[in-house]
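*Asks:* Build me a model:
(one chain, ligands or ions: 2)
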Amino acid sequence: MAVTTPKSDATAAPPTSYRAAVVPSFGAPLNIEEVPARALEPGQIRVKVEASGLCHTDIHAAHGDWPVKPSPPFVPGHEGVGTVVELAAGVSELALGDRVAMPWLGYACGTCDHCVSGWETLCLEQKNMGYSIDGGFGEYATAYARYVVKVPDGIDPFDAAPLTCAGVTTYKAVKVAGTRSSDLVAVFGVGGLGHLAIQYAAIAGGRVIAVDLIDEKLELAKELGAEFTVNAAEEDPVAAIQALGGADQAISLAVSPKAFEQAYGTLRRGGKLVFVALPADNYITLPIFETVLQGITIIGSIVGTRTDLREVFELHAAGKTHVTREVRPLDTVNESIVDVEAGRVTARIVFSL
Ligand SMILES: [Zn+2]
Ligand SMILES: [Zn+2]
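*Replies:* Ligands and ions are numbered 1, 2, ... in the order given. Here you go, the predicted structure:
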């Protein structure tokens, strides 16, 4: 048996501490502070973070909005991208200097029914970046080597960051929706996720209807391939989309229960509704009778697997997708959260570390 020792980047000694944005308690502003660097556990790597996207999930995490909560203090961020600077003993999947993405699915057991059947995202043993493991809102992050995904050469790390959650999540949503050529696909919410969902639905051959409340976002949707747009602040999306024949699939990305109910109402018979966004207000009301008689399918879709993320990167490297993002320093984290909540961000904020 070969003897292995931990490897680290000779040009940069592993840090003893690093600057990160920390959630001190639910609902409080994040603190930018120096946090201690932990020793690597078996199977882990240390990544020097270059870019880290701000997802709505990070805001829900910082507010403690969901039934399953993280434990403050913690560092959010599940769109971290950076280079490997240290490997735990025995890690052979990666080399120092590799650029990797650290997605929401930070760890899974690898042996349960879900893991071995290609549904590692449903693993009960999973750990999540920026939630149960400190995430990408810091100069460094530790991650499990088997659950990061290499970023191909030629992809800008500031594009790779939003693809790591917003990209893979919407790519998977379109996959489970089963979009085929000529299908009418309604995408509710044109933000960090929606602007990519539109592109993946169009790549799959769908004719896309983008729904949002803000004209500027609907303009972006058109540029990215939406054939129709509906401003739900000005017209009823249910009537507008039923007038087009009804949607074969609707993808719910807006953090509003009302938008989920509207998305349901836009479906044609046999249609599918994919739940993706996670509003703090957890419940909607749907009719049983119409669901049964119209053969409606409702599917929950949570992020995507490593294979899905590799496919997302492959499409981007091939020039098939465009990431709309705004780069800001990590110091702006609190203002950036306010801007996202107010809908003042066209697509994605990516922090530069
Ligand atoms: Zn996310
Ligand atoms: Zn598992």
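*Asks:* what about the closest residue to ligand 1 within the stretch 251-353 of the chain, which helix or strand?
*Replies:* For the stretch 251-353 of the chain and ligand 1, the shortest gap (Cβ to the ion) falls at Val303, measuring 7.3 Å. The way it works is simple: take the backbone N, C-alpha and C, and place the C-beta from them, glycine included. For Val303, there is no host helix or strand (DSSP states H and E).
*Asks:* With Pro70 as the reference, measure out to it.
*Replies:* As judged by Cβ to Cβ, to the nearest Å, Val303 and Pro70 stand 16 Å apart.
*Asks:* Am I right that the residue of the stretch 251-353 of the chain closest to ligand 1 is in contact with Val168?
*Replies:* Yes: at 6.0 Å, Val303 counts as touching Val168 under the criterion of Cβ atoms under 8 Å.
*Asks:* Mind listing the shared neighbours of the two?
*Replies:* Counting by Cβ atoms under 8 Å, 6 or more residues apart in numbering, the residues touching both Val303 and Val168 are Pro103.
*Asks:* More neighbours: which of those two?
*Replies:* Val168 (31 against 23; other Cβ atoms under 10 Å).
*Asks:* Can you tell me the closest non-neighbouring residue to that one?
*Replies:* Leaving aside its sequence neighbours, Val168 sits nearest to Gly304 (Cβ to Cβ, 6 or more residues apart in numbering; 3.8 Å).
*Asks:* My read is that the one you found contacts Val174, right?
*Replies:* No: Gly304 lies out of contact with Val174 (Cβ under 8 Å); the separation is 10.2 Å.
*Asks:* any residues in contact with both of those two?
*Replies:* Here Gly304 and Val174 have no joint contacts, going by Cβ under 8 Å, 6+ apart.
*Asks:* which parts of the stretch 251-353 of the chain sit against ligand 2?
*Replies:* Among all residues of the stretch 251-353 of the chain, none is adjacent to ligand 2 (criterion: Cβ under 5 Å from the ion).
*Asks:* Tell me the confidence at the closest residue to Ala233 other than its chain neighbours?
*Replies:* Of all residues not flanking Ala233 in the chain, Leu213 sits nearest, at 4.4 Å (Cβ to Cβ, 6+ apart). Here, the pLDDT recorded for Leu213 equals 95.
*Asks:* With Asp9 instead?
*Replies:* Taking Asp9 on its own, its pLDDT is 55.
*Asks:* Next one: Asp156 from Ala88, what distance?
*Replies:* Relative to Ala88, and taking Cβ to Cβ, Asp156 is found at 28 Å.
*Asks:* Return the residues of the stretch 51-200 of the chain in contact with ligand 1.
*Replies:* Going by Cβ under 5 Å from the ion, the residues of the stretch 51-200 of the chain near ligand 1 are 55, 57, 165.
*Asks:* any idea how far the last one lies from Ser92?
*Replies:* The reference is to Cys165. 27 Å.
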